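Student: can't give you the sequence, but here's the structure:
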């Protein structure tokens, strides 16, 4: 009898294998660039419908990858704060948000209302990042760079959390060349000369800390969430990259050294794409979510122990699918 019971006792004592994790990633919406009034209301309603589809799918959490409005919309409080907060609150589960360029970096442009980008960013931080928890109707706790690193107290948007043996981190890396100064040429955002290098240093430090935490925890995978398409120039042969090269290099090195699956999630270019953009780090997979008119989200399933650790499913209205391109 003892011999029969021993395997059963060993089985009961063994730690349970992590279950595959399901979560949602989406971004770059709603884009009210098809007319005002009723047309804009229709775009917002599409995002409401997507939120309902996400709720029905019951993911562990959702990540919004920035750009809560179109670049041509004015960066008013009503748009970047109130409208965004209203539909964020439709998400029943936890919702983690990392900002994009349209809601602050590009707000200096005349078409966006000629606002001060740094002032707009301060408002975003005060409204959406006031506590170490996610957004959504069922917030979850987050570890924030601002709380863990005294030298980076401003960066309340950079967050980290763990779920099912996977480490997740957000980095505040928007498009528009990461708000990098353009050496005094037209197009230099006000305040960029001070804002960009400080945030860039914070992001690089948070990336290093995130992978160190993943190694210490024995994580089976790392997921990094940003807004910017870091590899647009590789694909399209044009575009600015100077503001993103530090992030590209640091992420490639961190993924290579980690040696286990690393998933980069981002938006910015508005169509679905999954590839391995860095030959030197084949364990780094990139998934770019749709956006703009293509108001779909990506359901991600991760099982780090599987031969193919990722499964991706697009959810939401499929009536305006955007094909790959360089627009």
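Tutor: Alright, I've got the coordinates. Since we're looking at a predicted model, the values are computed, not measured. Residues are numbered from 1 along each chain as shown.

Student: Identify the residues contacting residue 246.
Tutor: 200, 204 (CB atoms under 8 Å, 6 or more residues apart in numbering). Glycine gets a C-beta too; all of them are placed from N, C-alpha and C.

Student: does it count as helix, strand or coil?
Tutor: helix (DSSP: H, G, I helix; E, B strand; the rest coil).

Student: Please enumerate the helices of the stretch 51-200 of the chain.
Tutor: All helices of the stretch 51-200 of the chain, identified by DSSP state H, counting those that start in this stretch, fall at 77, 84-88, 117-128, 145-148, 175-178, 192-217.

Student: same for the fourth one, what does it pack against?
Tutor: Think helix 145-148. Packing contacts for helix 145-148, counted by 3 or more CB pairs under 8 Å, 6 or more residues apart in numbering; DSSP states H and E, involve helix 192-217.

Student: Which parts of the helix it packs on count as buried, going by neighbours?
Tutor: 192, 195-196, 199-200, 202-207, 209-211, 213-214 (16 or more other CB atoms under 10 Å).

Student: again, but for stretch 249-264
Tutor: Within stretch 249-264, judged by 16+ other CB under 10 Å, the buried ones are 250, 251, 252, 253, 254, 255, 258, 260, 261, 262, 263, 264.

Student: now swap in stretch 155-169 and tell me
Tutor: 155-161, 163-169.

Student: any chance of those residues in a markdown table, plus pLDDT and distance to residue 322?
Tutor: Formatted as a markdown table, the buried residues of stretch 155-169 follow (pLDDT from 0 to 100; distance: CB to CB, whole Å):
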| residue | pLDDT | distance to residue 322 |
| --- | --- | --- |
| 155 | 99 | 32 |
| 156 | 99 | 32 |
| 157 | 99 | 27 |
| 158 | 99 | 29 |
| 159 | 99 | 29 |
| 160 | 99 | 31 |
| 161 | 99 | 30 |
| 163 | 98 | 30 |
| 164 | 97 | 31 |
| 165 | 97 | 34 |
| 166 | 98 | 29 |
| 167 | 99 | 31 |
| 168 | 99 | 26 |
| 169 | 99 | 28 |
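
Student: out of those residues, which one sits closest to residue 231?
Tutor: residue 169 (19.0 Å; CB to CB).

Student: The residue lying closest to the closest one once chain neighbours are set aside and residue 60, how far apart?
Tutor: Nearest in space to residue 169, with sequence neighbours left out and distances taken as CB to CB, 6 or more residues apart in numbering, is residue 210 at 3.9 Å. Going from residue 210 to residue 60 by CB to CB, to the nearest Å gives 19 Å.

Student: and what of residue 103?
Tutor: Taking CB to CB, one finds residue 103 at 26 Å from residue 60.

Student: neighbour count winner among these two?
Tutor: Each of residue 103 and residue 60 has its neighbours counted (other CB atoms under 10 Å); residue 103 has more, 28 against 13.

Student: list the contacts for the more buried one?
Tutor: 66, 67, 68, 69, 75, 80, 84, 120, 124 are the contacts of residue 103 under CB under 8 Å, 6+ apart.

Student: what stretches of the stretch 151-300 of the chain score poorly on pLDDT?
Tutor: 183-185 (pLDDT under 70).

Student: Strands of that one, start to end?
Tutor: 159-163, 166-170, 221-225, 262-266, 273-275, 284-288, 296-302 (DSSP state E, counting those that start in this stretch).

Student: Now tabulate those in a markdown table and tack on distance to residue 98.
Tutor: Compiled in a markdown table, the strands of the stretch 151-300 of the chain are given as follows (distance: least, CB to CB, whole Å):
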| stretch | distance to residue 98 |
| --- | --- |
| strand 159-163 | 8 |
| strand 166-170 | 4 |
| strand 221-225 | 6 |
| strand 262-266 | 9 |
| strand 273-275 | 18 |
| strand 284-288 | 14 |
| strand 296-302 | 15 |
